[in-house]
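Student: Below is the sequence, then the predicted model.
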Amino acid sequence: MRMASIDTVDAGQIAAVRATHPRAFRTGLDEVRKWAPWVIAIAYVIGSLIYFDVHLLFQASERALRLLRAMVVWEDMANWQYANIYKGIAQTLAMAFLGTLLGTIGSLFVGFLAAKNVMPIRIVRQMVRRFLDVLRGIDQLVWGLVFVRAVGLGPLAGVLAIFISDLGTLSKLYSEAIENIDRKQVEGVRATGAGPFAVIRYGYLPQVLPVFISQSLYFWESNTRSATILGIVGAGGIGMILIERFRAQLYDQVFFVVLNVLVLIFAIDWLSKRIRLWAIGEKSH
């Protein structure tokens, strides 16, 4: 077998081979570019562990064990004020449901205004989207603090915080779903001479309604957890009971409340699944 001499290979052939097989001509700079992100990421993780004093976790292990033991050993259960606990859970559920419902209703209107294929006026669409960015950019807990200051302690502050936060997020999700619909169905409805509202009713909503329901149900489940945290900052519900029990070091009651919240979340998840199957016309097996 004869091998070609290097002298017979010109610069054009080398350039062609380099273009078709770039990995065979890696330079030292290419190796640096390949490994530099990994080195930086590892160094950042190590630096973060040092910065946040992870070693304190090992020193606090004994306190953590005492806390866990206090949670699982239930004492004096006859005096736990169950009526207040379940009243707080009911307030939390109502807070999450009403806030999600108001956010869903508002998003049905605002989402269409933010969709490019529904609102052709660019300046209006951009103003709506920037407004939603403001609502979504501020955390729900911050909204809770704002409304506690504005309307006082109680579930109303939590409802308003969930409503404002969901309005910003759901409207964005709704507008994206609207922009991804099949235009043929809309054009077919418009060809019958239907007005703008009829086009939305019969052209847009049948396509996006299952998506809207699914997203709102997920937010209802998520807001039930969020309402618990909002209660800690004064928005009422089970969160206020949790923080009171924590301050009194009644950790067994805290664990009991957490278990009840988990059962509530499981029940909402089961109910959401049934509603979602009903919305898309499928039967559960």
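Tutor: Nice, thanks for sending it over.
Student: give me phi/psi at the closest residue in space to Thr92 that isn't next to it in sequence?
Tutor: Leaving aside its sequence neighbours, Thr92 sits nearest to Gly237 (CB to CB, 6 or more residues apart in numbering; 3.6 Å). In short, each C-beta sits where N, CA and C put it, glycine included. When read as degrees, to the nearest 10, the backbone of Gly237 gives phi 80, psi -160.
Student: Gly237 reaches Phe97, doesn't it?
Tutor: No - using CB atoms under 8 Å, Gly237 is not in contact with Phe97; the gap is 11.8 Å.
Student: Neighbour count for these two, which is higher?
Tutor: Gly237 (27 against 17; other CB atoms under 10 Å).
Student: Phe256 and Trp74 touch, don't they?
Tutor: Yes - counting by CB under 8 Å, Phe256 does reach Trp74; the two are 7.0 Å apart.
Student: tell me the mean pLDDT over the helix or strand Phe219 falls within?
Tutor: Phe219 is part of helix 205-230 when elements are defined by DSSP states H and E. Mean pLDDT, computed over helix 205-230, is 86.
Student: Just the buried residues of that helix, please?
Tutor: Of the residues in helix 205-230, those with enough neighbours to count as buried (16 or more other CB atoms under 10 Å) are 208, 211-217, 219-230.
Student: And stretch 82-96, by the same measure?
Tutor: Ile85, Gly88, Ile89, Gln91, Thr92, Leu93, Ala94, Met95, Ala96.
Student: Next, the first one: secondary structure please.
Tutor: Secondary structure assignment for Ile85 (DSSP: H, G, I helix; E, B strand; the rest coil): helix.
Student: And for the fifth one?
Tutor: Three-state secondary structure (criterion: three-state DSSP) places Thr92 in helix.
Student: Was I right to think it contacts Arg225?
Tutor: No - taking contacts as CB under 8 Å, Thr92 lies outside contact range of Arg225: 9.3 Å.
Student: so what's in contact with those two at the same time?
Tutor: Common neighbours of Thr92 and Arg225, using CB atoms under 8 Å, 6 or more residues apart in numbering, are Val261.
Student: residues near the residue nearest to Ile89 when sequence neighbours are not counted, how many?
Tutor: The shortest distance from Ile89 to any non-neighbouring residue, by CB to CB, 6+ apart, is to Ile238 (5.0 Å). Residues lying near Ile238 (other CB under 10 Å) number 28.
Student: Does Ile238 touch Val261 like I think?
Tutor: Yes - counting by CB under 8 Å, Ile238 does reach Val261; the two are 6.5 Å apart.
Student: Show me whatever sits in contact with both of those two.
Tutor: With CB under 8 Å, 6+ apart, Ile238 and Val261 have common neighbours Ile89, Thr92, Thr228.
Student: Now distance to Leu102 too, for these, in CSV please.
Tutor: Shown next, in CSV, are the shared contacts of Ile238 and Val261 (distance: CB to CB, whole Å):
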residue, distance to Leu102
Ile89, 21
Thr92, 16
Thr228, 19
